[in-house]
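# Okay, structure incoming, though there's no sequence with it:
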Ligand SMILES: C[S@@+](CC[C@H](N)C(=O)[O-])C[C@H]1O[C@@H](n2cnc3c(N)ncnc32)[C@H](O)[C@@H]1O
């Protein structure tokens, strides 16, 4: 569950935020990621924000669904993309087991507190089909802090992120540091990671 101040920022600034982020191309990550997904496959965008990436997935021939805790951003995303967008918490996504072929979490998991992250990653694994692919981008660093807008961020190291994913039942396929800010709002370094869900998670064979 995102903390109150973080959610308030997105609710109160939804229109400005979506305008400031919607023209940023994620193609460098999104196009190679999409090549790992069968055409026509289902993709859940966890923390979809403005809906920018829903539009890209739709254009590439996939069936994207958005999820965002901000009601105002979810409404914008649905209008912009014409995709289904669910208002909900990525810590407890309201979807059945193995619902999606792929999951995309661009700059969203970083808003969870560190103690919430392991169970959130297990939830991502749960809603992905076995061998489904998962993209995540987060900021590199240590600890948690708030930015000037009051949003809470938690930072991770490369190995730390890899281990967290592996513990949740993923095999990391590709992990890189980039200095690109998906939202062009700061100079932080980012980790972009593509992982594949194992055939079974937590001893559950499928
Ligand atoms: C930094 S923005 C990134 C938006 C979009 N993915 C992008 O790359 O432009 C973070 C997004 O995650 C959403 N978010 C934060 N915490 C969330 C949570 N617990 N559940 C669902 N969405 C969340 C916010 O409302 C916001 O839309």
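In hand now; what should we look at? Source: prediction; values computed, not measured.
# What helix or strand is the residue nearest the centre of the chain located in?
Centroid-nearest residue in the chain, with CA atoms, centre = their mean: residue 105, separated by 1.0 Å. Per DSSP states H and E, residue 105 falls inside strand 100-106.
# does the next helix or strand after that strand come close to the ligand?
Sequence order places helix 117-127 as the next helix or strand after strand 100-106, per DSSP H and E. No - applying CB under 6 Å from any ligand atom, one finds helix 117-127 separated from the ligand by no less than 7.8 Å. All C-beta atoms are positioned from the backbone trio N, CA, C, and that covers glycine.
# Run through who's touching helix 117-127.
The contact list for helix 117-127 (CB atoms under 8 Å, 6 or more residues apart in numbering) reads 44, 46, 90-93, 95-100, 103, 105, 109, 112, 134, 154, 164-165, 167-170, 197-198, 201-202.
# What is the burial count for residue 107?
20 (other CB atoms under 10 Å).
# Please disregard the earlier target; I meant residue 142.
Residue 142, neighbours per other CB under 10 Å, totals 10.
# which residue packs closest to it, ignoring adjacent ones?
Leaving aside its chain neighbours, residue 142 sits nearest to residue 155 (5.6 Å; criterion: CB to CB, 6 or more residues apart in numbering).
# Would you mind giving me the confidence score for residue 182?
pLDDT for residue 182: 52.
# oh, I was asking about residue 25
Note on residue 25: pLDDT of 87.
# residues contacting the residue nearest to residue 34 when sequence neighbours are not counted?
Nearest residue to residue 34 in three dimensions, chain neighbours excluded: residue 60, at 5.1 Å (CB to CB, 6+ apart). Counting by CB under 8 Å, 6+ apart, residue 60 touches 30-31, 34.
# Could you export those to CSV, including columns for pLDDT and distance to residue 20?
What follows is the contacts of residue 60, written out as CSV (pLDDT from 0 to 100; distance: CB to CB, whole Å):
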residue, pLDDT, distance to residue 20
30, 96, 19
31, 94, 23
34, 97, 24
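# quick one on the thing from earlier: residues touching the strand holding residue 105, excluding its own?
With CB under 8 Å, 6+ apart, strand 100-106 has contacts from 26, 29-30, 33-34, 36-38, 41-47, 49, 53, 57, 62, 65, 90, 124, 127-129, 132-137, 182.
# I'd like to know which of those residues are buried.
For these, a burial check counting by 16 or more other CB atoms under 10 Å picks out 26, 29-30, 33-34, 36-37, 41-47, 49, 53, 57, 62, 65, 90, 124, 127-129, 132-137, 182.
# element containing residue 32?
Going by DSSP H and E, residue 32 is in helix 27-34.
# Give me the number of neighbouring residues for the closest residue to residue 177 other than its chain neighbours.
Counting by CB to CB, 6+ apart, residue 177 lies nearest to residue 189, which is 5.6 Å off, once chain neighbours are set aside. Residues near residue 189, counting by other CB under 10 Å, number 13.
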